[in-house]
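1. generate coordinates for the sequence data below:
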Amino acid sequence: MKSNETIRIAIAENSVIIRSGLASALKRLPNLKVQTIELVSVEALSDCLRSHCPDILIVNPAFGDYFDVARFREEIGTKRIRVVALVSSFIDASLLSKYDDSISIFDTLEVLGTKMNHLQDISPVEPNDNQEVISQREKEIVVCVVKGMTNKEIAEKLFLSIHTVITHRRNISKKLQIHSAAGLTIYAIVNKLVELSDVKDL
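-> Coordinates of the predicted model:
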């Protein structure tokens, strides 16, 4: 799965509070485009598989009295759906071993994000010509954005037109799939474009 694609995640859970809460949390994950489908019955799951086949199915092992993972995998055949156990009570570890992963209602947003990223990376990575490294000029613009400069200020500092700065920023967002200043800040720190102390002083 490519990082810029929308991930379709179906949530099969009887409790509306847990189901809707998880859907809300998934939509808050940074740098992931998530479309959630909430399922309240086995029939709804069957309909979902026919019409909007998900990339990931998060399911309570007690869904529909008992969710049979092995039978589900047989039914979907060659469709590549990751099946994740939603743990909201004590579950036997041997039962969880049949799933691709498990998430708990006690997982933090950070842990949830890490697991969703891991599930995406399981698919073979296809070559993507769009996954370019940003240019030196684009790195300079990222640093300026992280420092809180406006497009006009960036243009003046780098001797560019405002239109060119906007085009560079659009290209940076497209290449990195980062659409917020906070996301660019993290990128800049991780890639050592700025020091953490520089960010703290802002």
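
2. next one, pLDDT for the residue of the chain most remote from its centre please.
-> Relative to the C-alpha centroid of the chain, counting by Cα atoms, centre = their mean, residue 159 is the outermost residue, at 36.3 Å. Confidence at residue 159, expressed as pLDDT, is 90.

3. show me the contacts for the spatially most central residue of the chain.
-> Geometric centre of the chain, nearest residue: residue 32, 2.9 Å, by Cα atoms, centre = their mean. The contact partners of residue 32, taken as Cβ atoms under 8 Å, 6 or more residues apart in numbering, are 7, 26, 113, 116, 117. The C-beta positions use only the backbone N, C-alpha and C, and glycine is treated the same way.

4. likewise residue 84?
-> Residue 84 neighbours (Cβ under 8 Å, 6+ apart): 56, 57, 58, 59, 99, 100, 101, 102, 103, 115, 119.

5. can you classify it as helix, strand or coil?
-> strand (DSSP: H, G, I helix; E, B strand; the rest coil).

6. identify the bridge partners of it.
-> Residue 84 has these beta-bridge partners by DSSP bridges: residue 58, residue 101.

7. would you mind measuring from it to residue 23?
-> With distances taken as Cβ to Cβ, to the nearest Å, residue 84 is found 14 Å from residue 23.

8. same question, residue 167
-> Counting by Cβ to Cβ - residue 167 and residue 23 are separated by 36 Å.

9. looking at those two, which is more packed in?
-> Each of residue 167 and residue 23 has its neighbours counted (other Cβ atoms under 10 Å); residue 23 has more, 18 against 12.

10. pretty sure the more buried one belongs to a helix, no?
-> Yes. The assignment for residue 23 is a helix, going by three-state DSSP.

11. against residue 186, how distant is it?
-> Residue 23 is 24 Å from residue 186, by Cβ to Cβ.

12. now do residue 111
-> As defined by Cβ to Cβ, residue 111 lies at a distance of 17 Å from residue 186.

13. give me the more crowded residue out of these two.
-> residue 186 (15 against 12).

14. can you put the contacts of residue 84 in a markdown table and add distance to residue 12 and pLDDT?
-> Shown next, in a markdown table, are the contacts of residue 84 (distance: Cβ to Cβ, whole Å; pLDDT from 0 to 100):
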| residue | distance to residue 12 | pLDDT |
| --- | --- | --- |
| 56 | 11 | 91 |
| 57 | 7 | 91 |
| 58 | 7 | 92 |
| 59 | 4 | 91 |
| 99 | 12 | 85 |
| 100 | 15 | 81 |
| 101 | 15 | 84 |
| 102 | 14 | 85 |
| 103 | 13 | 84 |
| 115 | 17 | 82 |
| 119 | 16 | 78 |
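
15. okay, these in CSV with distance to residue 88 next?
-> Listed next are those as CSV, based on distance: Cβ to Cβ, whole Å:
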residue, distance to residue 88
56, 17
57, 16
58, 11
59, 11
99, 14
100, 18
101, 15
102, 11
103, 10
115, 16
119, 19
